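Asker: sharing a model prediction with you, sequence too.
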Amino acid sequence: ARHYLQRIETHAGLNAYVHVDAERTLAQARDADTLLASGNATALTGIPVAHKDVFVTRGWRSTAGSRMLADYVSPFDAAVVARLAGAGMVTLGKTNMDEFAMGSSNENSHFGPVQNPWDAARIPGGSSGGSAAAVAARLAPVATGTDTGGSIRQPAALTGITGIKPTYGRVSRYGMIAFASSLDQAGPMAHSADDCALMLNAMAGHDARDSTSLSRDDEDFTRHLGQPLDGATAAKPLQGLRIGLPKEYFGPGLDADVADAVRAALAQLEALGATLVDVTLPKTELSIPVYYLIAPAEASSNLSRFDGVRYGHRAAEYKDLRDMYQKTRAEGFGWEVKRRILVGAYVLSHGYYDAYYLQAQKIRRIIANDFQNAFGQCDLIMGPVSPSVAWKLGQKTADPVQMYLADIFTLSTSLAGLPGMSVPCGFGEGGMPVGLQIIGNYFDEARMLQVAHAFQ
Ligand code: GLN
């Protein structure tokens, strides 16, 4: 813990953390020492972890990257935080993020942008950019993140680390500050598939306090690591694995350097015994408008609780209640959040609901069905995570649509509720890391991690 606290200090310029409290961390580390000595330790006991600031934490500020919650301290721990603490993990601090997890570059944070540790002039990806930069720069061995439309996978890809978004409902959303509840899902960000599997063991599980939490038996996500697939040999551990390549993921929108790195990774997987099959996900392009209607619609509802009365910021001066709401929200929310609240309120309003929101929900169902058709021909789907390597800070901030287009390969997985992960697979332009995306069918995380491990 001391080692990491020191590195956090010497690398403060990355802006990866928004809240560090060394005394609290060291107290937790001492408790972990006691647990280790007692013989009740788990594989995670004493290992430091950084939490995305979207998870509420008792005693530490929980800001969700917003001025609205800049001084907010929760009276309880999020389920994810409590579960990892229960396993003996030591909290290093809270990591920077796009405000309310809305963004793809971590430039929407009230606390300023995060730098990519590979090149300080570039973005780390978003919205879990602080967690990604912290792990990549060794300011934490592992971190938590959340993924609503790519926010674990995309920053993992752009900073050269491994991250997995589990099947929707695997990990409790209790205590996760809500963005779009039908899409939000927490997951680990780490250096390897093994570390992700260990973290997921502690993070996943039923929670009655989250109405969309799945009741499934506990699983050991490490159980297949280092083993060949059923019926395969040690020499060709992926023999029999059919990898589906959606033609829409390798089209004109993909940068050549990223395509090369992903193709090289696929060749390596073939050498390990896998076969590549062409599949199609015809509605991929529509995932952008569909997501950017549904996510803001849910956000406009979720964010109505920030009204100056119940949580966080309240305007200093106001005439009456309405004026207080208006001033508080005008001051407390940043531009991207306001844009989404406006879009969300619009598409849910009488007269536009059928034309936009309902249509988007129908296409969401078709997108999920398309994945099931593709999984009729393959076991896992693979492709790029991001159409380009990490871009320059400021490059896309003037044009939100350019920013949204960068999410093309991650949104459909979220809309379908499927698990997806990013595994480092080489380097592109400027020596920047590239991520290979592995998409599994529902509940197939253990196999995804097995294949990622064989490849790493
Ligand atoms: N980039 C997407 C957005 O801005 C996804 C964010 C996320 O997954 N939290 O909404």
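Answerer: Yep, it's here.
Asker: burial check on the nearest residue to residue 102 once chain neighbours are set aside, number of neighbours?
Answerer: Nearest residue to residue 102 in three dimensions, chain neighbours excluded: residue 336, at 5.1 Å (C-beta to C-beta, 6 or more residues apart in numbering). Just so you know, the C-beta spots here come from the backbone N, C-alpha and C atoms, and that holds for glycine as well. Neighbour count of residue 336, defined by other C-beta atoms under 10 Å: 18.
Asker: in a strand, residue 336, correct?
Answerer: No: membership of residue 336 in a strand is not supported by DSSP: H, G, I helix; E, B strand; the rest coil, which gives helix.
Asker: show me what contacts it?
Answerer: 98, 99, 102, 103, 108, 400 (C-beta atoms under 8 Å, 6 or more residues apart in numbering).
Asker: who are the neighbours in contact with the third one?
Answerer: Residue 102 makes contact with 108, 127, 179, 299, 336, 337, 340 under the criterion C-beta under 8 Å, 6+ apart.
Asker: and with 7 Å instead?
Answerer: When contacts are counted by C-beta atoms under 7 Å, 6 or more residues apart in numbering, residue 102 touches 108, 127, 179, 336, 337, 340.
Asker: which bits of the stretch 101-250 of the chain sit near the ligand?
Answerer: For the stretch 101-250 of the chain, the residues in contact with the ligand (C-beta under 6 Å from any ligand atom) are 101, 102, 103, 104, 127, 147, 148, 149, 150, 151, 179.
Asker: which residue sits farthest out from the middle of the chain?
Answerer: Distance from the centre of the chain peaks at residue 319, with 40.8 Å (C-alpha atoms, centre = their mean).
Asker: what are the ranges of the helices in the stretch 301-450 of the chain?
Answerer: In the stretch 301-450 of the chain, the helices defined using DSSP state H, counting those that start in this stretch lie at 321-332, 335-348, 359-375, 400-405, 411-416, 445-455.
Asker: typo on my end, the stretch 151-300 of the chain
Answerer: With helices called from DSSP H, counting those that start in this stretch, the stretch 151-300 of the chain shows them at 153-159, 193-203, 256-271, 287-302.
Asker: who's in contact with residue 188?
Answerer: Contacts of residue 188 by C-beta under 7 Å, 6+ apart are 142, 144, 163, 164, 196, 199, 200, 203.
Asker: mind doing that once more with 6 Å?
Answerer: 196, 199, 200 (C-beta atoms under 6 Å, 6 or more residues apart in numbering).
Asker: how close does the nearest residue to it once chain neighbours are set aside sit to the ligand?
Answerer: Closest residue to residue 188 apart from its sequence neighbours, by C-beta to C-beta, 6+ apart: residue 199 at 3.5 Å. Relative to the ligand, residue 199 is positioned 18 Å away (C-beta to the nearest ligand atom, to the nearest Å).
Asker: about what we covered before: by neighbours, which of the contacts of residue 188 wins?
Answerer: residue 196 (32 neighbours).
Asker: what's that one in contact with, if anything?
Answerer: The contact partners of residue 196, taken as C-beta under 6 Å, 6+ apart, are 162, 164, 188, 190.
Asker: this completes my enquiry, with thanks.
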